[in-house]
Structures are given as C-alpha cells and as structure tokens.
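Asker: can't give you the sequence, but here's the structure:
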C-alpha cells in the first residue's frame, strides 16, 4: 500500500487515499479491541483502560516500525539492484521485534512475559490482515471511485 502511494509523486487519486484510510482505520479499531480482549483474557494487572490500551498499541507499532524500517529500505535497495534481500537477517530481526514487543506489553500491563504472547497475537492478526487486504485491493483494483 505505502509503496504504491510513494510511487505516485504526490498525485494520489482520492479514491485510493480514502480506501486505504478506511482500511487502516478499521484495522486500528479491530487491533485495539482485540488487544483489550487479550489483556482481559490473560488478566493483566495494571493499565487496562482503553486509553492505556491505545497507548500500548501505538508504542508497539512504533517499536515494530523502528526495528523494521531499515529492513524495508534494505528490501527496496536490493530490489533496485535485482538482488534478493538477506532472508536470515530479516527473520532474526522479526524474532527480536516480537520479543521486544512482548516485553512492551509486559512492562505496560504487567501480564508476565509468557502470557503477553496472547495479546500480541490477537493484536498482530488484524494488522497482518489489514496489510493482506491492502495488497488484495491493490492487485484486484477495488478502490472507491468518484
């Protein structure tokens, strides 16, 4: 999704922008609600309100973005040179990002490190589905038109 928007030189059709905005908004709402459900499921000790759940979600997305952005750039750079990205390094960093993300959940909500896997998983599924739907919408061309 983002790659297509960056390739348009600032001339983004409004239908594409509205479609992606709706998709990201729905993904955000579902992720926060499932994170809240996951925190209730594992009986988090602290900061269980929606305000703290949303703050926790934004911190987790920030951590994932900060760890993943160099590898996104590395993937773009290798694609320009017709090379494959280094898969071993990317898998290693994904594992590190998941571990750090679970620690963020544990520190904010006091769930325990092993129990923080379930809220992370419930939050990550809608995020991955949003990315998948964005790719599907782009490939099929199901944008809102005016």
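Answerer: Structure received. Note that the coordinates shown come from a computational prediction; the quantities given were computed from them, not determined experimentally. Residues are numbered from 1 along each chain as shown.
Asker: Now do residue 24: how many residues are near it, please.
Answerer: 15 (other Cβ atoms under 10 Å). Backbone N, C-alpha and C define where each C-beta goes, glycine included.
Asker: I'd like the numbering to begin with 20 instead of 1 from here.
Answerer: From this message on, residue numbering opens at 20, which makes the last subject residue 43.
Asker: That one is in contact with residue 149, isn't it?
Answerer: Yes - if you go by Cβ atoms under 8 Å, residue 43 and residue 149 touch, sitting 6.5 Å apart.
Asker: low-confidence ranges in the protein?
Answerer: Scanning the chain for pLDDT under 70 picks out 20-29, 94-95, 98-99, 165.
Asker: let's see 50
Answerer: The chain contains no residues with pLDDT under 50.
Asker: Nearest to the middle of it, which residue? Look it up for me.
Answerer: residue 146 (4.6 Å; Cα atoms, centre = their mean).
Asker: And that residue, which helix or strand is it part of?
Answerer: Assigned by DSSP states H and E, residue 146 falls within helix 136-159.
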